[in-house]
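Participant: Sequence first, then the predicted structure:
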Amino acid sequence: MEPWVAKITQWIQEGRTPYMFLHTPSNRHAPEVATYFAEQLNKAIPGSALFTPWPEIQEPLQDSLF
C-alpha cells in the first residue's frame with residue numbers, strides 16, 4: 001500500500017485530483033483497506049483523503065438463501 005500512498009501524494013502535490021478504487025478478491029475486506037489507505041494518505045497530507053467510512057455490519061447478515 002505504501003507505494004500507492006507515495007504516488008497519490010506526489011500527484012496531489014503536482015496539483016492533480018486522483019480518485020482511488022480499492023478492492024480485495026472477495027471485497028469482504030475492501031472497507032478496511034480503504035480506511036487504512038485514507039488514514040495513511042491523511043498522515044502524508046493532512047485532510048487530503050475525503051473519506052466516509054463504510055457503516056459497520058453485524059455478522060452474519062444471512063445464513064442462507066432459504
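Facilitator: That came in fine, so what should we check first? Numbering: from 1, shown residues only.

Participant: any weak-confidence spans in the protein?
Facilitator: Using pLDDT under 70 as the threshold, the predicted model of the chain has low-confidence ranges 57-66.

Participant: contacts for the longest helix belonging to it?
Facilitator: The single longest helix within the chain, with elements called by DSSP state H, is helix 30-44. If you take C-beta atoms under 8 Å, 6 or more residues apart in numbering as the criterion, helix 30-44 is touched by 1-2, 4-6, 8-9, 20, 22-24, 48-49, 51, 53-54. Using the backbone N, CA and C atoms, a C-beta is placed for each residue, glycine as well.

Participant: Out of those, which end up buried?
Facilitator: V5, I8, T9, L22, S48, A49 (16 or more other C-beta atoms under 10 Å).

Participant: so what's the third one closest to, chain neighbours aside?
Facilitator: In this structure, T9 finds its nearest non-sequential neighbour in A44, 4.5 Å apart by C-beta to C-beta, 6 or more residues apart in numbering.

Participant: Give me the distance between the one you found and G15.
Facilitator: Using C-beta to C-beta, to the nearest Å, one obtains 16 Å as the distance from A44 to G15.

Participant: So which of these two has more stuff around it?
Facilitator: Comparing A44 with G15 by neighbour count (other C-beta atoms under 10 Å), the higher total belongs to A44, at 16 against 6.

Participant: picking up where we left off before, using CSV, lay out the buried ones among the contacts of helix 30-44 together with distance to V33 and secondary structure.
Facilitator: Supplementary listing: the buried ones among the contacts of helix 30-44 in CSV, determined by distance: C-beta to C-beta, whole Å; DSSP: H, G, I helix; E, B strand; the rest coil:
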residue, distance to V33, secondary structure
V5, 12, helix
I8, 14, helix
T9, 18, helix
L22, 5, coil
S48, 17, coil
A49, 13, coil
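
Participant: Same list (those residues) but as CSV, adding distance to F37.
Facilitator: Listed next are the buried ones among the contacts of helix 30-44 as CSV, based on distance: C-beta to C-beta, whole Å:
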residue, distance to F37
V5, 7
I8, 8
T9, 12
L22, 6
S48, 11
A49, 7
